[in-house]
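**Student:** Turn this into a model:
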Amino acid sequence: MAPDNATAEQKSYFDQWAKVIQVRTIGVVKKWIDNYYVDFDSDPDAYQGLVDFLEMAEEVTFFFLPRPFFLKKNKINKIKK
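**Tutor:** Have a look, this model is predicted:
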């Protein structure tokens, strides 16, 4: 969501690019998880940051993301329990 004090032009720009940026960001995070999970396994703060990010992403962008991505989040949670 664009800031309340954004101009009409800024809101239009935000609306145009927000979904693209969200999907690309999630794609990068997914590749990081797939290829370098050890980064999160060995650092509790990084792991918690990842979980917090995924929960926020699920609330904000869930309908843009493929279901398997969030199944991976569940896999991450099961590994750490």
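**Student:** quick one, what contacts residue 36?
**Tutor:** Going by C-beta atoms under 8 Å, 6 or more residues apart in numbering, residue 36 touches no other residue. Where you see a C-beta, it was placed from the backbone N, CA and C, and this is true even at glycine.
**Student:** and what of residue 39?
**Tutor:** 32, 46.
**Student:** That one and residue 6, how far apart?
**Tutor:** Distance, residue 39 to residue 6, by C-beta to C-beta, to the nearest Å: 35 Å.
**Student:** Check residue 30 too.
**Tutor:** Separation of residue 30 from residue 6 (C-beta to C-beta) stands at 29 Å.
**Student:** Then residue 16?
**Tutor:** According to C-beta to C-beta, residue 16 and residue 6 sit 13 Å apart.
**Student:** Compare neighbour counts for these two and give me the winner.
**Tutor:** Counted by other C-beta atoms under 10 Å, residue 16 and residue 6 do not tie: residue 6 has more neighbours, with 13 against 9.
**Student:** Now do the same for that one: helix, strand or coil?
**Tutor:** With DSSP: H, G, I helix; E, B strand; the rest coil as the basis, the three-state label of residue 6 is coil.
**Student:** Tell me the predicted confidence for it.
**Tutor:** For residue 6, the pLDDT comes out at 87.
**Student:** burial of the nearest residue to it once chain neighbours are set aside, as a residue count?
**Tutor:** Among residues not flanking residue 6 along the chain, residue 14 sits closest, at 6.8 Å (C-beta to C-beta, 6 or more residues apart in numbering). Other residues within reach of residue 14, judged by other C-beta under 10 Å, total 14.
**Student:** Following the helix or strand where residue 14 lies in sequence, what is the next regular element?
**Tutor:** Using DSSP states H and E, the element containing residue 14 is helix 8-36. On the C-terminal side of helix 8-36, the closest following helix or strand by DSSP H and E is helix 38-41.
**Student:** Now do the buried residues in that following helix.
**Tutor:** Within helix 38-41, the residues scored as buried using 16 or more other C-beta atoms under 10 Å are residue 40.
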